[in-house]
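Enquirer: Sequence first, predicted coordinates after that:
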Amino acid sequence: MKAPTIPLLSICQLAVALLSAVMLVGLPASTFAQTVESELTAGTIQVGQAVELRIITKGKSQGQLLDQVEVDGLQVAGSQQQFQMQMALPKFGIEVATVQTVILVPTRTGEFTIPSLRVRLDGKVYKTTESVLRVTPATGGRMPVLPAIPVPQTGTMSPPVTTQPPQPSQPTPPPAENPEKSYFGEMVIPKETAFVGEVVPVDLRFNIDANFPSQFGDRPNFSGEGFTILRTSRPSEVARDVNGFDYSCIVFRTAITAAKAGTLEIPPASVSARVQVPVQAPRSDDLLGGLLRNFGMTDIREIEIPTESATLDVKPLPREGRPDDFDGAVGEFKIEASATPAKAGPGEPITLRVMVSGRGNFEAMGPPAIANAEGWKVYDPSENFEPSPTDPVGFNGTKTYEFTLVARDDQTATPPVQFSFFDPAKEEYVTIEGPPVRVQAAGAGTSQPDASATQPQQTASAPTPASQGNDLSRDYAATNFQPLGWSSFFVIAGTTLTVVWTLGLAVLLARRYAGSPAAERGRKRKEQRKAIKTLDDGSLSDLDFLNGCHLILNQHEQISPELSSEVDHIRSLHEKANFSTQTLQGLGPEVRRQIIQTLEKAHDQHRRNL
Amino acid sequence: MKHYHQRQRSYCIILSVLSLWCGIARILKAEPVANAISAYEAGDFAKSAREFEMALASGPKSAGLYYNLGQALKKQGETGPAALNFRRAMMLDPQIIDARISLSDIERSKGIPLIPPGWKDQFIERVPLFPLLVFGFVLFWLGAFFWLISAYQRFGNRLALVSGVVLALVGMTIFTSAYLADPRLQWRDGAVVVAAEGVSLLSAPAERSPLVAKLPAAAAVRVIRTSGEWVYAKLDDGKSGWLPLNTITDLVPEK
């Protein structure tokens, strides 16, 4: 048997064909490295909070998630897919990046391991890495979790209609033939009863057949009476499967707060959209219509997608057990307090920062109450709300109140802060307290007591601006602008005491002087002068006159030389009169005057010498 | 006995008339204050301010009344006059914390820089002045008389001599410190800019002279001297210049 011969040309042709096939198929495949990554947007979250699992693939084509996330305790709240095509210039190819997002909401605490998921990319199946999610208890209360949007059972995600290339030529019957029936809206409210003031989350979902490229308005039309609407989130887009048909779903998340008790009728919401629909032929045998449809010609239609209305049974807040300082807060909260600066001088303000965090009606609630504020002057607080980054609606977050406090007396700690709210889950009022913060504040002495400070409960129940007149002084002690040191008290008392003290001092000095030798000498001089004057009496006998002169001269210890002869003469006359046998001739008036003058001179000289 | 009863009756009548007169006088004096408070509570701050001014003009001055007048003016947005009256209240009662806070609010809103308090300010914020003056006065005179007594004893009693000198010196120091710290004395030459739009501090008493500083309403100055319609004033930061007389009001009101 002869072996079959293969023509050489055929072999060469086969080799060329194989090489071409490798170049055409194998080269691009080898130039694009496929990557599959998965990540969680948060490693630790609280029960009820949402987290996103992102599976990012890069390759020649879109990645396709083959598995569903099935973890006990994690609820899949939605999913979406985005892809991006870019030219890889050095390799002359197109790279497609696909991000598939699965929104997970934990229903219980614990540590969850999200298993590896299979992804089909460029004809191959890859596996993602495992992820671990820790779930802690909810600190902000148990807000109702919205029911998840059902995801397609097949696990294959339809790309968003806004980014998907138009596929009018292959519509999914029957919606393609009747676009008005291929969209619908839903209003999802997770509970049927609520309390006045309670924040109730609402999902507004607008669905359009995924086969029709569409563009939605930025905001839904949603309003009504008897309730207030919180912020509306930016729309998120997810793919859905409803009764076997793929829908593109736009979700607006918001929340409402009922203002009064009773049955609350919530009117329908709506959103406008522009939909691309295939050009419809008037008749089935219309050749032009069929051609247009086959060639992808589309028409743009403006439509309004409404939701159905809803009702909510609103219960009033109970009267019993209502704290005096309750100011409308409904939800579940915790408070923290801090104070700056830690040390303040007299009159210097201290800022007491009270942070109320949790979930609830932050927009409607009043500030916490300052209890036992005696010794402080408390000013109305400023407030600032910071929503939680994961909450686009604004019922999760932290509201910060900044009270300005000024110490009236020396203080070592700020007054305690208390905050009362109604917990709709427990259906009871709760009062929580922030402990005093240690500070060192010097008081400015006693002043008018703050009316609000002496009545803590009133402060608590009405912390907003105090009634007019409370900030007035009631102390009208009379005074004047004259410096206190010049007051009549000090002038009169000072003058009186000065006079008394001066008199005392004068008496003291006089007494001191009276006992001094100088005073003695003065006295002697006075006596001498008096004695000299007595000598002037003409009735004295010569003997008495001379004896008097002798006594006076004896009191002078020193006699100047110019008077010595005259003094000697007087002394000789005295001796003659007393001791001599010779009779003394009578002293005439002239002699007596000369003697007196001599004595006066001697006296004056003696006084000068002293 | 009959005369005794008649005299007793006449004393009673005189006392009754005096009591009645005192009561009427008190009511008459209190009426503007009560009206002012009522107007304030009703939100009629202009009327309240007028009534407080009337009470201050007709009755004795008090820190509380000046503070209340300041509050009423502040509520009307008249920051300059409000600051003036808060400062007056603080002059009369350095420890009136509410006036200090309100003044601080106004100064912050006007961008007036905060001057750190000096020793005198810190002193008067902590210590009541009048009792301190009395204390210093009594100590001084006790010391003076102790010294005098020791002098009578020819300074033989050393304890009396030393305690007398020490008491007198301590008393004089306390009295002098309190006297100097008295805001009535410190701010005797003080004035406040009351012009709502503020005023320019100029280097010469002429409208087109170079600008030294721009003073907002409620700024405080110290008046050095007055020349015609101009005032030479000094600021706490050391700058000095000329201001139109009609833009400021003295802290010490004219009698």
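Expert: Looks like it came in fine. Numbers count the residues shown, from 1 in each chain, chains lettered A, B, ... in the order given.
Enquirer: Distance check, the closest residue in space to A:Ser223 that isn't next to it in sequence against chain B.
Expert: Nearest residue to A:Ser223 in three dimensions, chain neighbours excluded: A:Ile229, at 6.9 Å (CB to CB, 6 or more residues apart in numbering or on different chains). To be clear about C-beta, it is placed using only N, CA and C from the backbone, and glycine gets the same treatment. Between A:Ile229 and chain B the computed distance is 34 Å (CB to the nearest CB, to the nearest Å).
Enquirer: how about low-confidence regions in the stretch 151-255 of chain B?
Expert: When residues are selected by pLDDT under 70, those of the stretch 151-255 of chain B lie in B:255.
Enquirer: can you give me the helices for it?
Expert: B:158-181, B:183-186 (DSSP state H, counting those that start in this stretch).
Enquirer: ranking the ones you listed by burial, who's on top?
Expert: helix B:183-186 (a mean of 20; mean count of other CB atoms under 10 Å in any protein chain shown).
Enquirer: Show me which residues of chain A are close to chain B?
Expert: Within chain A, the positions lying close to chain B (CB under 8 Å from any CB of the partner chain) are A:345-347, A:349, A:377, A:406, A:408, A:442, A:444-448, A:467-469, A:471-485, A:489-490, A:493-494, A:497, A:501, A:504-505, A:508.
Enquirer: and A:Glu320, backbone torsions?
Expert: phi -70, psi 140 (degrees, to the nearest 10).
Enquirer: need the contact list for it.
Expert: With contact set as CB atoms under 8 Å, 6 or more residues apart in numbering or on different chains, A:Glu320 has no partners.
Enquirer: neighbours of residue 72, just the number please.
Expert: Going with chain A. 8 (other CB atoms under 10 Å in any protein chain shown).
Enquirer: right idea, wrong chain: chain B
Expert: Residues near B:Ala72, counting by other CB under 10 Å, number 28.
Enquirer: you'd agree it is in a helix?
Expert: Yes - counting by DSSP: H, G, I helix; E, B strand; the rest coil, B:Ala72 is located in a helix.
Enquirer: For it, give me the pLDDT.
Expert: pLDDT, the model's per-residue confidence, is 94 for B:Ala72.
Enquirer: Am I right that it is in contact with B:Ser48?
Expert: Yes - the pair B:Ala72 and B:Ser48 passes the contact test of CB atoms under 8 Å, sitting 4.2 Å apart.
Enquirer: list residues touching both of those two?
Expert: Between them, B:Ala72 and B:Ser48 share these contacting residues under CB under 8 Å, 6+ apart: B:Ala36, B:Tyr40.
Enquirer: just to revisit the earlier point, just the ones of the residues of chain A next to chain B in strands?
Expert: Counting by DSSP state E, the residues of chain A next to chain B place A:Lys377, A:Val406 in strands.
Enquirer: Was I right to think A:Val330 contacts A:Glu198?
Expert: Yes - using CB under 8 Å, A:Val330 is in contact with A:Glu198, at 4.9 Å.
Enquirer: Touching both of the two, which residues are there?
Expert: In contact with both A:Val330 and A:Glu198: A:Gly360, A:Asn361, A:Pro424, using CB under 8 Å, 6+ apart.
Enquirer: Most neighbours of all the residues you listed, which one?
Expert: Busiest of the shared contacts of A:Val330 and A:Glu198 [other CB under 10 Å] is A:Gly360, holding 30 neighbours.
Enquirer: one step back: could you export the helices of the stretch 151-255 of chain B to JSON lines, including columns for distance to A:Glu37?
Expert: Formatted as JSON lines, those follow (distance: least, CB to CB, whole Å):
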{"stretch": "helix B:158-181", "distance to A:Glu37": "74"}
{"stretch": "helix B:183-186", "distance to A:Glu37": "73"}
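Enquirer: And these: which comes nearest B:Glu41?
Expert: Of all the helices of the stretch 151-255 of chain B, helix B:183-186 sits nearest to B:Glu41, with 30.2 Å by CB to CB.
Enquirer: What's the separation between B:Gly198 and A:Gln482?
Expert: With the distance defined as CB to CB, to the nearest Å, B:Gly198 ends up 31 Å from A:Gln482.
Enquirer: how far does stretch A:357-372 stretch from start to finish?
Expert: Taking CA to CA, to the nearest Å, stretch A:357-372 runs 23 Å from one end to the other.
Enquirer: next one: that stretch to chain centre, how far?
Expert: 14 Å (CA atoms, centre = their mean, to the nearest Å).
Enquirer: Pull out the buried residues from it.
Expert: With burial defined by 16 or more other CB atoms under 10 Å in any protein chain shown, the residues of stretch A:357-372 counted as buried are A:357-362, A:365-371.
Enquirer: So which of those are in strands?
Expert: Those of the buried residues of stretch A:357-372 lying in strands (DSSP E): A:Ser357, A:Gly358, A:Arg359, A:Gly360, A:Ala369, A:Ile370.
Enquirer: Looking at those residues, which is nearest chain B?
Expert: A:Ile370 (16.4 Å; CB to the nearest CB).
Enquirer: What segments of the stretch 1-150 of chain B are helices?
Expert: Applying DSSP H, counting those that start in this stretch to the stretch 1-150 of chain B gives helices spanning B:2-41, B:45-58, B:63-75, B:79-92, B:97-110, B:119-126, B:129-152.
Enquirer: Any idea which of these gets closest to A:Gly394?
Expert: Closest approach to A:Gly394 among the helices of the stretch 1-150 of chain B (CB to CB): helix B:97-110, 31.6 Å.
Enquirer: what about the closest one, distance to the chain center?
Expert: 17 Å.
Enquirer: Tell me which other helices or strands that helix touches.
Expert: Counting by 3 or more CB pairs under 8 Å, 6 or more residues apart in numbering or on different chains; DSSP states H and E, the packing neighbours recorded for helix B:97-110 are strand A:376-378, helix B:63-75, helix B:79-92.
Enquirer: which of the ones you listed has the lowest average pLDDT?
Expert: When I compare those, strand A:376-378 is least confident, with a mean of 83.
Enquirer: now A:Ala42, what's its secondary structure?
Expert: A:Ala42 ends up coil, using three-state DSSP.
Enquirer: The helices of the stretch 1-150 of chain B into JSON lines, with extra columns for distance to A:Glu95?
Expert: Below are the helices of the stretch 1-150 of chain B laid out as JSON lines (distance: least, CB to CB, whole Å):
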{"stretch": "helix B:2-41", "distance to A:Glu95": "75"}
{"stretch": "helix B:45-58", "distance to A:Glu95": "72"}
{"stretch": "helix B:63-75", "distance to A:Glu95": "68"}
{"stretch": "helix B:79-92", "distance to A:Glu95": "66"}
{"stretch": "helix B:97-110", "distance to A:Glu95": "59"}
{"stretch": "helix B:119-126", "distance to A:Glu95": "73"}
{"stretch": "helix B:129-152", "distance to A:Glu95": "84"}
